[in-house]
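**Q** just a sequence and a predicted model for now, questions to come.
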Amino acid sequence: MTESAAVAMAMKRGPYLYEIPASAREDMRVAARVYADDDLWSQISQDRSLEQLVNVATLPGVTDAVYAMPDVHLGYGFPVGGVAATRAEDGIISPGGVGYDINCGVRLLASDLAADEIRPSLEDAVHDLSRTIPAGVGRSGGGGPVDKGGRLGLTTAELDRVLQEGCRYLAERNIALAEDLAVIEAEGSLAAADPAAVSQRAKQRGLNQLGTIGSGNHFVEVQVVERVFDEAAAEALGLSTGQVTILIHTGSRGLGHQVCTDYVRRMDEVMARYEIVLPDRELACAPFRSREGQQYFGAMCAAANFAFSNRQVVTYRARAVFARKFGDAGRLRMVYDVAHNMAKREEYGGEEVLVHRKGATRAFGPGNPETPECYRAVGQPVFIPGSMGTASYVLVGADAAADLSFGSTCHGAGRAMSRRAAKRAQTGQEVRRDLEAQDIVVRCGRARCVVVGPASWPRRRQSPTRTWTAWWTWCTKPGSRGRLRG
């Protein structure tokens, strides 16, 4: 089915819901549903993401429906922003449904500082963050023990402990606090991790990358809370207007990329043995209960533990910078850490399923047992980073999301063009000049690498996520909005 055919077959089920019925193509097992308003639908219809979503609906064991979040765009196999649940008993697991950056995720840190308090030291603090937290393609985290700069060197045996235990191992090394673990998805440690299922090449790529940002759309940003929509939710999360925060976005770096590469190749080789026929080889998969399926799941969980730990070491470094600049007042408390690019075992309607979320994040409500105890009154925190120069949003999950999207929501501002097209449209130096013209401090070693910097102080700006508001009211509840990296 081409993109135009998928659009032609789609039916509007509500003001923010489109559906391509399972009858649209002979091999579809379930319907494909897209959460978008008319403007977003017209944008989504311009790339192959709908065609990819229809292909996902053909996977063995897929159940209920497959979903596209409002920020959906073309990906590898699965569209980015795609959600699909397969039955654990007789369904498949697909590396393409998780993505190359396994457990790419977002973490919010909150300080006790107000914007006016750090204004005099703003540029100096951002400069220190950019020097302390490595960023860019292939950048390593340095060697040796943890020092004042936050460097973390690992032996191969220690790397295996990171892969097996995640942030719990870092707590032993005093890099993670006990209170941190309570507000990380899965407490930063997936029990199904199997370091032995991770190739030596993957381990080699990740050995010196713990505590680094990488490239692409990853970032560290100093922000200020501009506006609170729900006072009770904001109070539960410990956020208030004018408060300085830090948002971190990074994942499993080269290690996760190699895990995906290894298992896409392996599953492509064994699909015929399991009599799996797919419309797109990028959806390469194996039965979840098979040897290959279990090996990938163990390797994916290990890479996810690496990603949790990566964000933890970045947190350690950010805390060191704020302690140097602001003393005791610079303490950074973790609000929450939530992952996207994961496949998680969950239960819906009394059935165990494997929920693939690629470029989508959990949005669990107050009633979900996996919502941290401290947030049971309001729901799990959800972070929606904005694009450069626009606001980000902090929200909380709603119980209704379980029936609407397997407890999922969008993970960012989405993409209006490819990264290559964006680079052709505007150079890194032009982007930097535009941000600095908005009083946004930018520090970056190279024009193409990650921007590390704080947002300008509060002033009214148009939100790029205007059209998502109604979708959020279904799966999340507004909490507070923080201005970030312009």
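**A** Right, received. Where do you want to start?
**Q** how about the strands of the stretch 351-486 of the chain, start to end?
**A** Under the criterion DSSP state E, counting those that start in this stretch, strands of the stretch 351-486 of the chain are mapped to 351-362, 381-384, 391-397, 408-410, 452-454, 476-483.
**Q** ok, now the stretch 51-200 of the chain?
**A** Remark: strands assigned in the stretch 51-200 of the chain by DSSP E, counting those that start in this stretch are 65-73, 80-87, 92-93, 105-114.
**Q** got those as CSV, with distance to Ala192 and mean neighbour count columns?
**A** Any C-beta I mention is one placed from the backbone N, CA and C, and that applies to glycine too. Below are the strands of the stretch 51-200 of the chain laid out as CSV (distance: least, Cβ to Cβ, whole Å; neighbours: other Cβ atoms under 10 Å):
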stretch, distance to Ala192, mean neighbour count
strand 65-73, 24, 26
strand 80-87, 16, 27
strand 92-93, 12, 28
strand 105-114, 18, 22
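**Q** reformat these as TSV; add distance to His257 and mean pLDDT.
**A** Formatted as TSV, the strands of the stretch 51-200 of the chain follow (distance: least, Cβ to Cβ, whole Å; pLDDT from 0 to 100):
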stretch	distance to His257	mean pLDDT
strand 65-73	19	95
strand 80-87	15	97
strand 92-93	18	98
strand 105-114	15	96
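**Q** dump these into a markdown table; add distance to Gly330 as well.
**A** Formatted as a markdown table, the strands of the stretch 51-200 of the chain follow (distance: least, Cβ to Cβ, whole Å):
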| stretch | distance to Gly330 |
| --- | --- |
| strand 65-73 | 33 |
| strand 80-87 | 35 |
| strand 92-93 | 43 |
| strand 105-114 | 6 |
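**Q** hmm, Gly407 is touching Val382, no?
**A** No. Using Cβ atoms under 8 Å, Gly407 is not in contact with Val382; the gap is 10.5 Å.
**Q** shared neighbours, these two?
**A** Common neighbours of Gly407 and Val382, counting by Cβ atoms under 8 Å, 6 or more residues apart in numbering, are 362-363, 397.
**Q** could you give the angle of the longest helix belonging to the chain to strand 105-114?
**A** If you go by DSSP state H, the chain has its longest helix at helix 291-326. Per axes from the mean of the first three to the mean of the last three Cα atoms, to 10 degrees, the angle that helix 291-326 makes with strand 105-114 is 20 degrees.
**Q** after helix 291-326 comes which helix or strand?
**A** Next in sequence after helix 291-326, counting helices and strands by DSSP states H and E, comes strand 333-348.
**Q** nearest to Glu347, of the strands of the stretch 51-200 of the chain?
**A** Ranking the strands of the stretch 51-200 of the chain by proximity to Glu347 (Cβ to Cβ) places strand 80-87 first, at 10.4 Å.
**Q** for that closest one, packing partners?
**A** Identification of packing neighbours for strand 80-87 by 3 or more Cβ pairs under 8 Å, 6 or more residues apart in numbering; DSSP states H and E yields helix 49-56, strand 65-73, strand 351-362.
**Q** now the helices for the stretch 51-200 of the chain?
**A** Using DSSP state H, counting those that start in this stretch, the helices assigned to the stretch 51-200 of the chain run over residues 115-118, 122-132, 156-165, 167-172, 178-181, 200-206.
**Q** just the buried residues of the fifth one, please?
**A** For helix 178-181, burial by neighbour count (16 or more other Cβ atoms under 10 Å) applies to 180-181.
**Q** what do you get for the last one?
**A** By neighbour count with 16+ other Cβ under 10 Å, helix 200-206 contains the buried residues 202-203, 205-206.
**Q** where do the helices sit along the stretch 351-486 of the chain?
**A** 401-405, 419-425, 428-437, 469-475.
**Q** what is the burial count for Glu89?
**A** 12 (other Cβ atoms under 10 Å).
**Q** tell me how far Val56 lies from Tyr274.
**A** In this view, Val56 and Tyr274 are 18 Å apart by Cβ to Cβ, to the nearest Å.
**Q** these two: which has the busier surroundings?
**A** Comparing Val56 with Tyr274 by other Cβ under 10 Å, the one with more neighbours is Val56, at 31 against 15.
**Q** what pLDDT does the more buried one get?
**A** On pLDDT, Val56 comes in at 98.
**Q** surely it meets Tyr67?
**A** No. At 9.4 Å, Val56 does not count as touching Tyr67 under the criterion of Cβ under 8 Å.
**Q** do I have it right that Cys410 meets Phe383?
**A** No. Using Cβ under 8 Å, Cys410 is not in contact with Phe383; the gap is 10.6 Å.
**Q** for the protein, which helix or strand comes out least confident on mean pLDDT?
**A** Every helix and strand of the chain was ranked by mean pLDDT, DSSP states H and E. The lowest is helix 469-475, at a mean of 35.
**Q** still on that earlier bit, the helices of the stretch 51-200 of the chain: which one's closest to Ala193?
**A** It is, among the helices of the stretch 51-200 of the chain and with distance given as Cβ to Cβ, helix 156-165, at 5.4 Å.
**Q** now the angle from the closest one to helix 291-326?
**A** If you take the same axes, to 10 degrees, helix 156-165 sits at 100 degrees to helix 291-326.
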